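In: next one to model:
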Amino acid sequence: MRSTRFFIAVLGMAVMLTGCAGMTDQEQRMATGATIGGAAVGVATGSWGWAAVGAAAGAGTGYLIEAQRQRERAAFERGLEEGRSP
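Out: Okay, the predicted model is just below:
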């Protein structure tokens with residue numbers, strides 16, 4: 001039973017990593033957050049239900065992190081433009 005779970009986990013990670021090539025930065029961060037959150041909570045609790053909750057929380061966190069980075073990039077670009085204008 002344990003080897004079957006391990007095989008499924010490795011197969012899922014391989015499929016996810018090969019699918020990341022065409023993703024945007026935000027989608028990649030959400031997928032990474034979901035994977036880490038689901039794995040961490042799943043290992044800690046041993047429950048698929050809680051692993052799903054951890055995956056959702058991780059995806060949400062990944063979304064928020066990338067949204068903040070986009071806001072910071074936009075503010076940086078605005079600052080550059082303002083600095084260039086006389």
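In: for Arg5, see how far away Tyr63 is.
Out: In this view, Tyr63 and Arg5 are 28 Å apart by CB to CB, to the nearest Å. The way it works is simple: take the backbone N, C-alpha and C, and place the C-beta from them, glycine included.
In: more neighbours: which of those two?
Out: Per other CB atoms under 10 Å, whichever of Tyr63 and Arg5 has more neighbours is Tyr63, with 16 against 10.
In: isn't that one up against Thr24?
Out: No: Tyr63 is not in contact with Thr24 according to CB atoms under 8 Å; the separation is 11.4 Å.
In: the helices in this protein, which residues?
Out: 2-18, 25-45, 48-84 (DSSP state H).
In: buried ones in the second one?
Out: So the one you mean is helix 25-45. 27, 29-39, 41-42 (16 or more other CB atoms under 10 Å).
In: okay, those residues in CSV with distance to Ala75 and pLDDT next?
Out: Shown next, in CSV, are the buried residues of helix 25-45 (distance: CB to CB, whole Å; pLDDT from 0 to 100):
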residue, distance to Ala75, pLDDT
Glu27, 23, 87
Arg29, 19, 89
Met30, 22, 90
Ala31, 26, 88
Thr32, 24, 87
Gly33, 23, 90
Ala34, 28, 89
Thr35, 29, 87
Ile36, 28, 88
Gly37, 28, 90
Gly38, 32, 89
Ala39, 33, 88
Val41, 34, 88
Gly42, 37, 85
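In: can you tell me which of the residues you listed is nearest Met13?
Out: Nearest to Met13 out of these is Thr35 (CB to CB; 7.3 Å).
In: any figure for the gap between Ala52 and Arg73?
Out: Ala52 is 32 Å from Arg73, by CB to CB.
In: oh, I was asking about Ala44
Out: From Ala44 to Arg73 the distance is 34 Å (CB to CB).
In: export the buried residues of helix 25-45 to a markdown table and tack on distance to Arg78?
Out: Output for the buried residues of helix 25-45, formatted as a markdown table (distance: CB to CB, whole Å):
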| residue | distance to Arg78 |
| --- | --- |
| Glu27 | 25 |
| Arg29 | 23 |
| Met30 | 26 |
| Ala31 | 29 |
| Thr32 | 28 |
| Gly33 | 28 |
| Ala34 | 32 |
| Thr35 | 34 |
| Ile36 | 32 |
| Gly37 | 33 |
| Gly38 | 37 |
| Ala39 | 38 |
| Val41 | 39 |
| Gly42 | 42 |
